[in-house]
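**Q** Sequence first, then the predicted structure, then my questions.
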Amino acid sequence: MQKKLAIGWFTFTCCEDSSILFVELLNEHYFEWKKLIEFRHCKMLKSINQFGPFDVAFVEGAISSDKERKKLEKIKHISKYLVAIGECACTGFPSAQRNNFSAELQKEIKPLIKKFHLLEKVHPLESFVKVDERVPGCPMDPNVFLKTLDNCLKKFKVI
Amino acid sequence: MHKGNFDINMNNLSKIEGHADLDIKVEGNKVTDVKLRITENKRFFTNAVRGKPAIATHQLVSRICGTCSIAHLTCCIEAVEKAYHHVPSYQTLMLRHLSLYGLNIRDHAMHLYLFCLPDLFGKDSLLDFADEGYEHDLVHKAFDVKAAGNKLSTIVAGRAVHAMYPVPGNFVRIPKKEDLKAVAVDLKKVRAYALEFVDIFYKCNFEFKEQEPEYIAIKNDDFSYLGDQLCSTRNYCIPEEQFANHLTRNVIPYSQALGFKFEGKTYIVGALARMNLNGGSLHRKTREDVGSAFRVFPSDNIYHNNLAQAIEIVNCVDRSLDIIEELEPKERKSPVLKLEKDSEGVAAIEAPRGTLYYHLKINKLGQVTYANLVIPTAQNQISMEKNVARLVEQNLYEGKRKREIQYEIEKLIRAYDPCMSCATHFLRVNWL
């Protein structure tokens, strides 16, 4: 029986552009990936999801609340390999744009930061967990993603 | 029938764009509370654009939403052009139409075929479709339609997500006629598939009727996504610049998004609203070929939003083929936009999920000083909550179990095609 790569796809603070691009890559790769990948957790594709364990967790978005930080740490704990997807996950930006707001703008948004229990600063994933690989870009570079996925399939001896 | 009091808590609703939770309180078979909590963390775009050069703002607001990025970008560009009193050329308008048709084909296809189609087949996911036969064939066709929309946006606007070519007054790279003709071949191929999906959604018997129906959309005579006038199905029309004056913002304390009412009443935007208002102006070939599905409209069945999107895909294909046939694209120099005094611009366009509104104020240095955005999902939020409450009560009366009710709720919310990424980034600080 064909061994499959057990993956989870998660998003945090971002516009989900890389998730959309991933869904667009399915146009070309769906039937090939279906044979090689077990989509154990992918909220965009299924309602019944399993929270790990994962060979690889693909994580899009920056971390802007303590709730997100805790969930990211859980994902890391149940994943053998973690890939940061897109610019927000890799560098925090553009979701971290409020980190650079002027004092006046910071003051304006402060009540909302407090009300919704957001972190003072928005962070890339590596502020909280070890990131094994990165697919940068806004949205992610599709060719780097395809290469990264190929590496993962080889690393976990699926191909 | 269920007895007594209980709660339904659904975390992280699936097969929608973005993050949302739903809490429902039931007391004695009556729904006493519904909270649709849009849980995306805010990124403060309306604050972030202040002080930025107006002519480049479209690239920043594109990052509000991955899937609707071309809609945000286009609406922002139109608002900037209005502030600068610049009227775009015919070619620019045609390219804008094409990029929006590409967006709607791709975006509707994602929503209909990936998120909703499994519900029609009693499956959880497209991944559960059979590896051969009819279901396998449908999956192929679904991806082919989506790919054609993606290709159209890529050729015209640079990419399907965060497009690089559209700018105020122009497209910085003009597509070659032969590239457009190549897209036309793909569009002609997938047209038949898109019609097949219209038939599938037409035959779907899901029904949930809106009780206080009011639908709002841009009214036009070519069923495009651009126009200057917004109309309600209550025979009420206003120029786009007055739209926000008729809205009441409803603070939803448990959600990171606002809700809106029009003239104090709940309303619905999106493909269903567009079909109810503009159905008569569909492309002639679309109208002929979708057959009986066209005669379903006007409709108050929320699930007909799916059918309306399926028909819109065919219309987008037909309109695009006409433009590609007729347009002879030529390189054009971008206009130099200058202001002698502070100005402002208002634009409304139809995004895939409904009317999107931008109001920008720009100082004479060309910097944005104020931004107010009204987005489709926020406009539908109040209707969604009211109808979820009614749906739960109906299902309780029919004796359905909690798990079945949860499934019905997700299905109904999916029919609205909400986009939570868009919905959360416009809270202004004065609502607290």
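**A** In hand now; what should we look at? Numbering: from 1, shown residues only, chains lettered A, B, ... in the order given.
**Q** Going by C-alpha atoms from here, please, whenever you check contacts or count neighbours.
**A** Will do.
**Q** So for residue 10, what's the nearest residue that isn't a sequence neighbour?
**A** No chain in the question, so chain A it is. Among residues not flanking A:Phe10 along the chain, A:Val59 sits closest, at 4.9 Å (C-alpha to C-alpha, 6 or more residues apart in numbering or on different chains).
**Q** nope, chain B
**A** Per C-alpha to C-alpha, 6+ apart, closest to B:Met10 is B:Leu22, 5.1 Å.
**Q** quick one: that neighbour and B:Asp7 touch, right?
**A** No. Between B:Leu22 and B:Asp7 there is no contact under C-alpha atoms under 8 Å: 10.4 Å.
**Q** quick one, which of these two is more surrounded?
**A** B:Leu22 (21 against 14; other C-alpha atoms under 10 Å in any protein chain shown).
**Q** Near chain A, which residues of the stretch 1-150 of chain B are found?
**A** B:13-18, B:40-44, B:47-48, B:63-67, B:114-115, B:124-127, B:143-144, B:146-147, B:150 (C-alpha under 8 Å from any C-alpha of the partner chain).
**Q** Report the residue spans of the stretch 251-400 of chain B with pLDDT below the cut-off.
**A** Flagging of the stretch 251-400 of chain B using pLDDT under 70 yields the residue ranges B:251-257.
**Q** So which residues of it form helices?
**A** Here the stretch 251-400 of chain B has its helices, by DSSP state H, counting those that start in this stretch, at B:271-278, B:284-290, B:304-326, B:376-397.
**Q** Throw those into CSV and include distance to chain A, thanks.
**A** Compiled in CSV, those are given as follows (distance: least, C-alpha to the nearest C-alpha, whole Å):
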stretch, distance to chain A
helix B:271-278, 21
helix B:284-290, 25
helix B:304-326, 17
helix B:376-397, 15
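**Q** Going by proximity to chain B, name the top residue of chain A.
**A** A:Asp17 (3.6 Å; C-alpha to the nearest C-alpha).
**Q** what helix or strand is the residue nearest the centre of chain A on?
**A** Nearest residue to the geometric centre of chain A (C-alpha atoms, centre = their mean): A:Val59, 1.4 Å. Taking DSSP states H and E as the definition, one finds A:Val59 inside strand A:54-60.
**Q** Check A:Lys121 too.
**A** Secondary structure (DSSP H and E) places A:Lys121 in strand A:118-123.
**Q** just checking, what packs against that strand?
**A** Applying 3 or more C-alpha pairs under 8 Å, 6 or more residues apart in numbering or on different chains; DSSP states H and E, we find strand A:118-123 packed against strand A:63-65.
**Q** switch to 10 Å and redo it
**A** strand A:63-65, helix A:66-77, helix A:86-91, helix A:103-115 (3 or more C-alpha pairs under 10 Å, 6 or more residues apart in numbering or on different chains; DSSP states H and E).
**Q** Now it: buried residues?
**A** For strand A:118-123, burial by neighbour count (16 or more other C-alpha atoms under 10 Å in any protein chain shown) applies to A:Leu118, A:Leu119, A:Val122, A:His123.
**Q** One more: stretch B:63-71?
**A** Neighbour-count burial for stretch B:63-71 [16+ other C-alpha under 10 Å]: B:Arg63, B:Ile64, B:Cys65, B:Gly66, B:Thr67, B:Cys68, B:Ser69, B:Ile70, B:Ala71.
**Q** can I assume the fourth one is in contact with A:Phe22?
**A** No. The pair B:Gly66 / A:Phe22 is not scored as a contact, 11.3 Å apart, by C-alpha atoms under 10 Å.
**Q** Give the residues shared as contacts by those two.
**A** Residues within reach of B:Gly66 and of A:Phe22 at once, by C-alpha atoms under 10 Å, 6 or more residues apart in numbering or on different chains, are A:Glu16, A:Pro139.
**Q** Show me where chain A dips below the pLDDT cut-off.
**A** In chain A, no residues with pLDDT under 70.
**Q** which one's the longest helix in it?
**A** Ranked by number of residues, the top helix in chain A under DSSP state H is helix A:17-36.
**Q** Now do that helix: distance to the chain's middle.
**A** Its chain's C-alpha centre and that of helix A:17-36 lie 15 Å apart, by C-alpha atoms, centre = their mean, to the nearest Å.
**Q** Just the buried residues of that helix, please?
**A** Residues of helix A:17-36 classed as buried: A:17-27, A:30, A:36 (neighbour count, 16+ other C-alpha under 10 Å).
**Q** And the pLDDT for B:Thr424?
**A** If you check B:Thr424, the pLDDT there is 49.
**Q** tell me how far the ends of stretch B:8-27 are from each other?
**A** End-to-end distance for stretch B:8-27, by C-alpha to C-alpha, to the nearest Å: 12 Å.
**Q** so B:Leu373 makes contact with B:Thr46?
**A** Yes. Judged on C-alpha under 10 Å, B:Leu373 makes contact with B:Thr46 at a distance of 7.8 Å.
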